[in-house]
Every structure is written in structure tokens, then in C-alpha cells.
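K.L.:
Quick one, fold the following:
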Amino acid sequence: MNLHLARIFFHVALHRSFSRGAEALSISQPAASKAVRELEQQLDLPLIERGAGQGARARGLQLTESGQALFEHARGIFALERAATDDLRARAELRRGELTLGASTTVAAYWLPSYMARFARLHPAIQLHVVVGNTHSIAQGLADCRMDLALVEGNVDEPNITASYWRDEQLVVIGPEHYPLAARRPLQPALLNDEIWLVREPGSGTREVTQQLLKQNGLEPSHQIEIGSNEGIARAVSGGLGIAMLPWVVVQDLVALGRVQTLELAGAATLRRPLFRLERAERPLSPAAQVFSSLLEKLD
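P.N.:
Next up, the predicted model:
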């Protein structure tokens, strides 16, 4: 069925008048009459009673049984259209909708909450969801359209994803509270090769950058233990299991409490890593994602 013709028929039937129906649609009365005739020809059914006499004309045009049935169906169709339009307009104006963010573990725990709080205050009608995982799993989730926007710690090599620099994050090497080598400042990196290093699992951005920085500073640990979270690594270091390289935001409270201590490496530049914002290359951001993305540039 031609929905354009059905819309004209619906308004003519609603107003029981070709002229008033045409006026509601800002078209001419002849155009409305022609559209109804075309629709009747397409359906091979009469929709309007014609030649019903003076009394019928006084009450306005009358529908046939088929016309009345089509009018009821059209009422539902165009009511649904209005509901869809209203819903989408509300989403465009951030009066309704959802926003799903992906974040690697450190970003989700330490960087993301302040941005989410600001967004929630500005747009309380938008439901926020956060998917947390390592950098690899978050990139895959974004590629599969399971989230709108993502923030991660590691490099991403996905053809359908655009990665842009967001901010830097400071890293530190930490040891347990009574670590004997901590008194040596600066500490020769080679002295740490025989220590137990606690590292994240493959696919983690922290794991990737740790391996790069260790190599750049002449460190080749012979013994590594994998632990699946930065917080778990920090607690394991405080318990004396080994040493680790972790983001400063993760360990600063433990350093302040004296549970772990930072190690100063001789010849090492400031240890930093970039954090990245990820978007799908071929899909524009939703209005909610656009607003959240703009907050990432403003709030620190």
C-alpha cells in the first residue's frame, strides 16, 4: 500500500471532508480527491460512498465498509508513526535514551566516575551503562556495536575503530613496605631483573605498556606472575609477593598509608602512558554520546 496516499485518505476520512483533509495536509482539494481515487484503484476497493444523496452530503462524506476498516488501520499506523517521531525527538533532545560506555578497568575505576557524575546531573533522563574489561575486550565490544563510546589504556588495532588521544596517565614502579632495595635512589634497573614482577593478563593495556617501558629501561624480568586486576596487583605487592609497574591513581592511597613504596629507577624518564578514546569509524555518535564526548574535553 502506498502510505503517502493512505495518509491523504486518513485525513480526508478523519475530517469527513476533502477540503478540510486537504487543508490539514497543505495540499489542494483536487490533489486530495485524486489521491483517494488512486488508492481505491490500487486496492481495487471503494473507500468513499459516492452519490449517497443530499442528506449524506450534509453529514459529510461517508466511508464504505472497506474505507472504515482502512481508516481504523491507518489510525493505528499513523499513531505509531507519531509515537516513533516523539520518541526519537526526545532522544535527540536528551529527554530519553540510553548511553553505553566501554572502559578498561583502570579508566572505569578511577577516571570515568567524575565524568559520569557530571553527565548524570546535566541529563538525568539518560540511562547510563558501563561495560568494563581489558583493552582488547572493550575494543571488540565497540566493534560489535555493543557500546557507543569507549575509553581505554592500550593501543587498538581494529580497522573499524578510530582511536584518538585523550590524556596521559602517570605510572610508577612499586615495592612492598620494607623492600630492601628501595633505599637505593636512584635504583639501577638491572638489579630488578631477578625480582618477581606482577603483571596483568595478555590483552590488558597496563600489561602492554609495562612490557614496553621495562624494555626501554633495560629491564628483562626472569620471573613474572599474572594477576587479573591492577588492584589485585597492588594488594599483592603490599603483601610482599613482588614488585610491579602500575598507574599512580591505583597506588597513591597505599603509598600514603605506607603499605607500598615507589622505586626510583636510575636514568628512567617520567613513566607515562596515553589513554585513548575509541569510536566506530563508520557510525556517527548518538546525541548522548556526542555530549559525553564533549565533557571529556572539559572536565578534569
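
K.L.:
From now on I want contacts and neighbour counts done on CA atoms only, so please keep to that.
P.N.:
OK.

K.L.:
Wait, Gly154 touches Ala139, no?
P.N.:
No. Contact between Gly154 and Ala139 fails when scored by C-alpha atoms under 8 Å: they sit 9.9 Å apart.

K.L.:
Looking at the two, which one has more neighbours?
P.N.:
It is Ala139, of Gly154 and Ala139, that has more neighbours when counted by other C-alpha atoms under 10 Å, with 31 against 22.

K.L.:
Could you tell me what pLDDT the model assigned to that one?
P.N.:
The confidence metric pLDDT takes the value 91 at Ala139.

K.L.:
do Glu158 as well
P.N.:
82.

K.L.:
quick one: low-confidence ranges for the protein?
P.N.:
The model of the chain has pLDDT under 70 over residues 51-59, 268-270, 299-300.

K.L.:
Tell me the first helix or strand C-terminal of the lengthiest helix in it.
P.N.:
Determined from DSSP state H, the single longest helix within the chain is helix 65-92. Note on helix 65-92: by DSSP states H and E, the next helix or strand toward the C-terminus is strand 98-104.

K.L.:
Just want the angle from that next one to helix 65-92.
P.N.:
Calculated by axes from the mean of the first three to the mean of the last three C-alpha atoms, to 10 degrees, strand 98-104 forms an angle of 40 degrees with helix 65-92.

K.L.:
Please enumerate the strands of this structure.
P.N.:
For the chain, the strands defined by DSSP state E cover 48-49, 62-63, 98-104, 127-133, 149-152, 161-176, 196-199, 223-226, 244-247, 260-263, 272-280.

K.L.:
got those as CSV, with distance to Val237 and mean neighbour count columns?
P.N.:
Formatted as CSV, the strands of the chain follow (distance: least, C-alpha to C-alpha, whole Å; neighbours: other C-alpha atoms under 10 Å):
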stretch, distance to Val237, mean neighbour count
strand 48-49, 84, 18
strand 62-63, 82, 18
strand 98-104, 21, 22
strand 127-133, 22, 16
strand 149-152, 24, 27
strand 161-176, 5, 18
strand 196-199, 8, 22
strand 223-226, 11, 14
strand 244-247, 7, 25
strand 260-263, 7, 23
strand 272-280, 20, 20
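
K.L.:
right, so of those strands, which gets closest to Arg185?
P.N.:
With C-alpha to C-alpha as the measure, strand 260-263 is the member of those nearest Arg185 (7.6 Å).

K.L.:
before we move on, the earlier item: would you list the strands of the chain in a markdown table and tack on distance to Glu23?
P.N.:
Formatted as a markdown table, the strands of the chain follow (distance: least, C-alpha to C-alpha, whole Å):
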| stretch | distance to Glu23 |
| --- | --- |
| strand 48-49 | 19 |
| strand 62-63 | 19 |
| strand 98-104 | 39 |
| strand 127-133 | 41 |
| strand 149-152 | 46 |
| strand 161-176 | 49 |
| strand 196-199 | 72 |
| strand 223-226 | 73 |
| strand 244-247 | 67 |
| strand 260-263 | 78 |
| strand 272-280 | 45 |
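
K.L.:
Quick check: which of those is nearest to Gln216?
P.N.:
Shortest separation from Gln216 across these is recorded for strand 272-280, at 12.6 Å, computed as C-alpha to C-alpha.

K.L.:
so what strands line up beside the closest one?
P.N.:
Strand 272-280 sits in its sheet next to strand 149-152 (antiparallel), strand 161-176 (antiparallel), going by DSSP bridges.

K.L.:
Contacts for it, please.
P.N.:
With contacts defined as C-alpha atoms under 8 Å, 6 or more residues apart in numbering, strand 272-280 is touched by 139, 142-143, 148-155, 160-171, 209, 285.

K.L.:
For that strand, list the C-alpha coordinates in CSV.
P.N.:
Taking Å, rounded to 0.1, in the frame of the first residue of the first chain, the C-alpha atoms of strand 272-280 are listed here in CSV:
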residue,chain,number,x,y,z
ARG,A,272,53.6,7.9,31.4
ARG,A,273,51.2,6.3,29.1
PRO,A,274,48.4,7.7,26.9
LEU,A,275,44.8,7.0,27.3
PHE,A,276,42.6,6.7,24.2
ARG,A,277,39.0,7.5,23.2
LEU,A,278,37.6,4.9,20.8
GLU,A,279,34.7,5.4,18.3
ARG,A,280,33.4,3.3,15.5
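
K.L.:
Please state the offset of it from the chain centre?
P.N.:
14 Å (C-alpha atoms, centre = their mean, to the nearest Å).

K.L.:
That concludes my questions; thank you for your assistance.
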